[in-house]
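# from the sequence below, what's the structure:
(one chain, ligands or ions: 1)
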Amino acid sequence: MAAELSEAQFQRYARHLILNEVGEAGQARLMAARVLVVGAGGLGSPLLLYLAAAGIGTLGVVDDDVVDLSNLQRQIIHPTAAIGARKVESARAALHAINPEVTVETVARRIEAANAEALIDPYDLVADGSDNFTTRYLLNDVCYRLKKPLIGAALAPFEGQISTFKAYLGPPHPCYRCLFREPPPPDLVPRCETAGILGAVAGVMGTLQAVEVLKELLDLGSSLSGTLLLYDALNAGFHRITVPRDPDCPTCSA
Ligand SMILES: [Zn+2]
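Numbering: from 1, shown residues only. Now for the predicted structure:
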């Protein structure tokens, strides 16, 4: 049964509570939820800010990096004063400033094969805000094994893509490897540091991730599982691609 909301919580979450689709039961679900966000960068910044504002009970933040002046053009969770500080600590301060009720669990390490299961297991859901294929495939494989929904997004200079992966539910749900079997060769992958990005594009995609996280937690609307949503900033367009499950997928067909 849902815990009673305090008077301050009634006010803080009033615009959720008034929605039939959220209400007190939905807000209690958010407040009991544990969400792991991998990467406190361009995607992770708006994602974490909106999840904290929404009242997610526990937010895990994994990032081994420190704040650099060149990050601030898009990584809006970090203020200028945090340059040189660990991103997880800078993020924690920003999240507590927005919503002191959120418990922030920080991990100032890189997520890798040796620690991924232990890091992910205590959470209900994972949102991938990382900027590299190694992490993306690792999160896909571990979330599949641990039966955790994974909301992934990726950025290009003027484009973004997002999907949700719940292949552990069985067909027709695909996993990330059903969509992209192998990582592209490293020299074909432009990263923000080398390719550049219009900062607000990261904001759009990270915010879409926050919306999809909240939808999954609240069981609202249509899940993005099985759909890749593409954002084309220059043409101001979105389009959707259906992602079939690959019967020979090395991750989810076994
Ligand atoms: Zn698969």
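# now name the helix or strand holding residue 141.
Applying DSSP states H and E as the criterion places residue 141 in helix 133-146.
# chain center to that helix, what's the gap?
Relative to its chain's centre, helix 133-146 lies at 13 Å (CA atoms, centre = their mean, to the nearest Å).
# what comes up buried for it?
By neighbour count with 16 or more other CB atoms under 10 Å, helix 133-146 contains the buried residues 133, 135-144. Every residue, glycine included, has its C-beta placed from N, CA and C.
# same check on stretch 199-208?
By neighbour count with 16+ other CB under 10 Å, stretch 199-208 contains the buried residues 199, 201-208.
# need the contact partners of the helix or strand containing residue 164.
If you go by DSSP H and E, residue 164 is part of strand 159-165. Contacting residues not belonging to strand 159-165 are listed as 140, 143-144, 149-154, 173-176, 179, 201-202, 204-205, 208-209, 212, 216, 223-225, 227-233, 243 [CB atoms under 8 Å, 6 or more residues apart in numbering].
# helices or strands up against the helix or strand immediately after it in the chain?
Following strand 159-165 in sequence order, the next helix or strand is helix 176-179 (DSSP H and E). Where contact means 3 or more CB pairs under 8 Å, 6 or more residues apart in numbering; DSSP states H and E, helix 176-179 is packed against helix 133-146, strand 159-165.
# picking that back up, grab the two from the buried residues of helix 133-146 that are most spread out in space.
Pairwise distances across the buried residues of helix 133-146 peak at 16.3 Å for 133 and 144 (criterion: CB to CB).
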